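Chemist: with the sequence up front, the predicted model follows.
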Amino acid sequence: MSNVLAIAQKELKAYFASPIGYIVIAVFALLMGFFFSAILEIYVQQSIQMGQFGGAPQMNVNDQVIRPLMLNGSVMVLFVLPMITMRTYSEEKRSGTIELLLTSPLTDFQIVMGKFVGAMSLYAAMLLVTVVDMALLFAWGNPEWAPVVGSYLGLLLMGGCFVAIGLFVSSTTKNQVVAAVVTWAIFLMLWVIDWISQSLQPPAQDVVQYLSFTNHFDDFSRGIIDTKHLVYYVSFIAFGLFLTMRSVDTERWRG
């Protein structure tokens with residue numbers, strides 16, 4: 001476990017030794033803040049308009065503020081996470097330090113998990129910044145806890161899937177730009193695969209819908225934590241990390 005944490009710490013230091021870590025967190029926080037302000041302004045305007053008709057506003061802050069905000073956040077993750085994962089192995093290959101890493105007394109599992117934990121730590125820091133927005137809602141309003149907790153858990157699990165995929169793609173090339181573009185293309189395919197299912201018939205339609213990230217995240221944004229969604233995300237993360245370990249093992253034998 002200490003080796004995994006040491007690699008994770010090394011990865012975190014590498015993120016913040018360059019502008020990548022600061023830029024990713026700043027961009028994500030800025031965009032989430034913009035969407036939060038825009039969605040909240042629409043909510044307030046609709047509340048005022050409903051109040052002008054003489055009735056008490058029947059507005060739900062969870063459905064009309066928190067859920068749209070988290071859905072927008074899940075879309076931004078699609079574009080931001082390739083920036084985090086693109087350098088994990090590609091930079092090691094480009095700089096030649098991959099040979100030192102693979103000849104060190106570390107197992108493939110420790111290497112992959114260390115990089116995964118490091119990338120997830122940066123992603124968790126991104127999400128943590130947005131807690132300020134939620135704190136404002138709880139300070140001035142009365143939202144429910146379940147959709148907030150569920151949304152953050154869903155974003156964390158979805159991000160874990162993206163990071164696992166990104167690690168695998170990065171382990172196959174020494175070009176960071178190629179790693180980022182290919183990772184983003186895979187993310188996008190998994191994101192829009194639900195659209196493809198609409199033109200299919202059961203049981204193919206059910207299979208394709210099950211692979212969709214958006215279908216599984218939707219319940220989380222409603223505060224519903226279903227076991228089948230947890231199994232999907234955890235299985236996807238495990239599969240992505242398995243592919244990465246196989247790729248690293250192949251690189252070790254080539255070396």
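Modeler: Here it is on my side, so go on. Nothing here was measured: the structure is a model prediction, and the numbers come from that model.

Chemist: buried ones in the longest helix along the chain?
Modeler: Longest helix of the chain, by residue count under DSSP state H: helix 20-51. Buried residues in helix 20-51, counted by 16 or more other Cβ atoms under 10 Å: 20-21, 24-25, 28-29, 31-32, 35-36, 39-40, 43, 47. Bear in mind the C-beta positions are built from the backbone N, C-alpha and C, glycine included.

Chemist: again, but for stretch 116-130
Modeler: 116-120, 122-123, 125-127, 130.

Chemist: now do stretch 232-244
Modeler: 232-233, 236-237, 240-241, 243-244.

Chemist: keep only those of those residues that are in helices.
Modeler: The helices, defined by DSSP H, take in 232-233, 236-237, 240-241, 243-244 from those.

Chemist: distance to A6 and pLDDT added to these, as TSV?
Modeler: Formatted as TSV, those follow (distance: Cβ to Cβ, whole Å; pLDDT from 0 to 100):
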residue	distance to A6	pLDDT
Y232	31	91
Y233	27	92
F236	27	92
I237	22	94
G240	22	93
L241	18	94
L243	24	93
T244	18	92
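
Chemist: and which of these is nearest to T103?
Modeler: T244 (18.5 Å; Cβ to Cβ).

Chemist: OK, contacts around the closest one?
Modeler: By Cβ atoms under 8 Å, 6 or more residues apart in numbering, the contact list for T244 reads 112, 164, 167-168, 171.

Chemist: quick check on these: which are buried?
Modeler: Using 16+ other Cβ under 10 Å as the burial test, the contacts of T244 include 112, 164, 167-168, 171 as buried.

Chemist: quick check: the residue nearest to M134 when sequence neighbours are not counted vs I165, distance?
Modeler: Nearest non-adjacent residue to M134, counting by Cβ to Cβ, 6 or more residues apart in numbering: V148, 5.8 Å away. Relative to I165, V148 is positioned 27 Å away (Cβ to Cβ, to the nearest Å).

Chemist: so which of those two has more stuff around it?
Modeler: More neighbours surround I165 than the other of V148 and I165, with 25 against 21 (other Cβ atoms under 10 Å).

Chemist: ok, and the closest non-adjacent residue to that one?
Modeler: Spatial nearest neighbour of I165, excluding adjacent residues (Cβ to Cβ, 6+ apart): G240 at 5.0 Å.

Chemist: with L230 instead?
Modeler: Sequence neighbours aside, L157 is the residue nearest to L230 in space, at 7.3 Å (criterion: Cβ to Cβ, 6+ apart).
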